[in-house]
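*Asks:* Following is a predicted model, sequence given first.
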Amino acid sequence: MNIKIPINMTILSILSEFEAALAEDKSKLRIDLLNQLVSLTHNLPHPASGQTYQRWQLFAQIAGVDLSLAKLFESHCDAVSILRELDYQQQIDDQTWAVWAADGGPAPLQVKESLCNGIKLWCSGAEFIQKALMSYKDQQGQAQLCIVDLSHPSITIDLTHWHAVGMHATQTAQVRFENTPVQVVSQPNSYLKRPGFWHGAAGVAACWFGAAVRLAGFLQESCQANPNPYKKLYLGEVAHQLEITKQYFQYVAKLIDHKPTLSHEREIRILRAQTEQCCLCVIERVGKALGARPFCEDATFAQLMADLPVFIRQSHAAFDYEQIAELCVSEQSLWEL
């Protein structure tokens with residue numbers, strides 16, 4: 001379970017170079033590195049393939065360097081896995097993909113006769129991603145997916161709506177489509193009903209966790225260099241949360257690999273909720289223990305501390321807890337030892 005997917009040494013080197021680069025250079029470097037990471041997806045295990053945990057380890061490792069990069073890479077990998085699960089492997093190519101699945105907005109997408117019109121919200125990487133899998137509701141209100149080539153001239157990208165400092169590097173935009181050609185994927189609701197919908201949701205939590213582990217590392221290093229009982233108290237609280245969450249990641253990965261045709265929705269909702277609580281603990285305790293200095297003087301620490309609170313809001317918070325309750329309420333003997 002602790003065996004990690006070997007990463008090309010060139011990629012490891014570039015990750016290190018990226019982390020050391022000046023902030024003004026990172027925008028271009030991030031896109032270049034994303035494109036190189038995409039080449040790994042040909043060999044990256046898909047969810048429920050017997051190596052689900054190793055897939056999550058890779059996401060977490062990248063997230064510990066840069067959460068925006070991890071978010072973009074995870075989205076590409078999710079798109080490839082969705083196409084594979086829905087038997088659309090022939091559409092998988094060497095381009096960089098994203099999954100854009102946020103609903104709502106002033107003009108929700110409408111697809112008629114393979115032409116798309118409307119505005120899609122929360123489109124990460126819109127200016128440099130090459131293809132996207134987009135969700136929309138058909139005329140009967142059923143969930144559908146379509147593929148869009150983002151090089152089409154009918155597409156307009158609006159970056160003015162993102163005001164957060166955190167995750168700004170994802171270049172998340174509103175995207176307008178005007179009679180844009182698309183390809184509809186699979187049958188109505190198949191995107192939501194497939195087991196991999198929830199398996200993929202756990203991959204996002206792995207990104208959150210990777211950032212939390214890296215932040216905890218700053219506190220661990222400080223306790224080694226300049227120990228005091230107060231920092232150790234905070235490190236103990238952080239270690240407690242991280243260990244519990246790591247064990248639950250391992251447990252859920254085994255469940256998925258052992259029973260790949262089941263969604264494991266309840267366990268994955270719990271995993272996401274536990275990971276969110278773990279991240280909140282790390283953000284608070286590490287910040288208190290180390291004070292203002294690393295926020296001001298360490299670029300990686302400062303960026304992770306800005307990015308992680310924004311990214312974990314992709315959690316559905318109270319709604320997730322309500323759904324966990326719905327999935328537990330009629331079950332017997334859930335929690336006995």
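*Replies:* Structure's in. What do you need?

*Asks:* tell me the domain boundaries of the chain?
*Replies:* Structural domains assigned to the chain are 9-91, 97-189, 192-328, following automatic domain parsing.

*Asks:* how far does the last one stretch from start to finish?
*Replies:* The reference is to domain 192-328. Using Cα to Cα, to the nearest Å, the end-to-end distance of domain 192-328 comes to 21 Å.

*Asks:* now Gly105, what's its secondary structure?
*Replies:* What DSSP: H, G, I helix; E, B strand; the rest coil gives for Gly105 is coil.

*Asks:* shouldn't it be in contact with Ile119?
*Replies:* Yes - using Cβ atoms under 8 Å, Gly105 and Ile119 qualify as a contacting pair, with a distance of 5.4 Å. Where you see a C-beta, it was placed from the backbone N, CA and C, and this is true even at glycine.

*Asks:* for Glu178, phi and psi?
*Replies:* Torsion angles at Glu178 (phi, psi; degrees, to the nearest 10) stand at phi -130, psi 100.

*Asks:* Report the contact partners of the residue most central in space within the chain.
*Replies:* Centroid-nearest residue in the chain, with Cα atoms, centre = their mean: Val204, separated by 3.1 Å. Residues counted as contacts of Val204 (Cβ atoms under 8 Å, 6 or more residues apart in numbering) are Glu74, Arg272, Gln314.

*Asks:* Let me know the distance separating it from Phe59.
*Replies:* For Val204, the distance to Phe59 equals 8 Å [Cβ to Cβ, to the nearest Å].

*Asks:* SS state for the residue nearest to the centre of the chain?
*Replies:* Applying three-state DSSP: Val204 is helix.

*Asks:* and what of Met134?
*Replies:* With three-state DSSP as the basis, Met134 sits in strand.

*Asks:* hang on, Leu242 packs against Cys279?
*Replies:* No - between Leu242 and Cys279 there is no contact under Cβ under 8 Å: 9.9 Å.

*Asks:* which one is Asp152 nearest to, not counting chain neighbours?
*Replies:* Wrong residue type there; residue 152 is His, not Asp. Among residues not flanking His152 along the chain, Thr180 sits closest, at 5.4 Å (Cβ to Cβ, 6 or more residues apart in numbering).

*Asks:* for Lys120, that is, sorry about that
*Replies:* Distances taken as Cβ to Cβ, 6+ apart put Val175 closest to Lys120, at 4.8 Å, once the chain neighbours are dropped.

*Asks:* just Val148 next, same as before
*Replies:* Distance criterion Cβ to Cβ, 6+ apart; nearest residue to Val148, sequence neighbours excluded, is Val182 at 4.9 Å.

*Asks:* Quick one: classify the one you found as helix, strand or coil.
*Replies:* For Val182, the assignment made with three-state DSSP gives strand.

*Asks:* can you pull out the strands in the stretch 101-250 of the chain?
*Replies:* Counting by DSSP state E, counting those that start in this stretch, the stretch 101-250 of the chain has strands at residues 110-112, 115-123, 131-137, 143-149, 155-158, 173-185.

*Asks:* Dump those strands into CSV; add distance to Leu33 and mean neighbour count as well.
*Replies:* Listed next are the strands of the stretch 101-250 of the chain as CSV, based on distance: least, Cβ to Cβ, whole Å; neighbours: other Cβ atoms under 10 Å:
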stretch, distance to Leu33, mean neighbour count
strand 110-112, 33, 16
strand 115-123, 20, 19
strand 131-137, 19, 21
strand 143-149, 23, 20
strand 155-158, 21, 14
strand 173-185, 20, 18
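
*Asks:* for these, which one sits closest to Gln51?
*Replies:* Proximity to Gln51 (Cβ to Cβ) singles out strand 131-137 among those, at 22.8 Å.

*Asks:* Can you list the strands that that closest one pairs with?
*Replies:* As defined by DSSP bridges, the strand partners of strand 131-137 come to strand 97-100 (parallel), strand 143-149 (antiparallel).

*Asks:* out of those, nearest to Gly200?
*Replies:* Closest approach to Gly200 among these is made by strand 97-100 (8.1 Å; Cβ to Cβ).

*Asks:* what's the spacing between the closest one and its chain's center?
*Replies:* 11 Å (Cα atoms, centre = their mean, to the nearest Å).

*Asks:* Now the helix or strand harbouring Val286: buried residues?
*Replies:* Element membership for Val286, per DSSP states H and E: helix 265-290. Buried residues in helix 265-290, counted by 16 or more other Cβ atoms under 10 Å: 265-276, 278-279, 281-283, 285-287, 289-290.

*Asks:* Could you do stretch 286-303 as well?
*Replies:* In stretch 286-303, counting by 16+ other Cβ under 10 Å, buried: Val286, Gly287, Ala289, Leu290, Pro294, Thr300, Phe301, Gln303.

*Asks:* so what's Pro192 closest to, chain neighbours aside?
*Replies:* No, residue 192 isn't Pro; it's Leu. Closest to Leu192 by Cβ to Cβ, 6+ apart is Ala143, at 5.0 Å.
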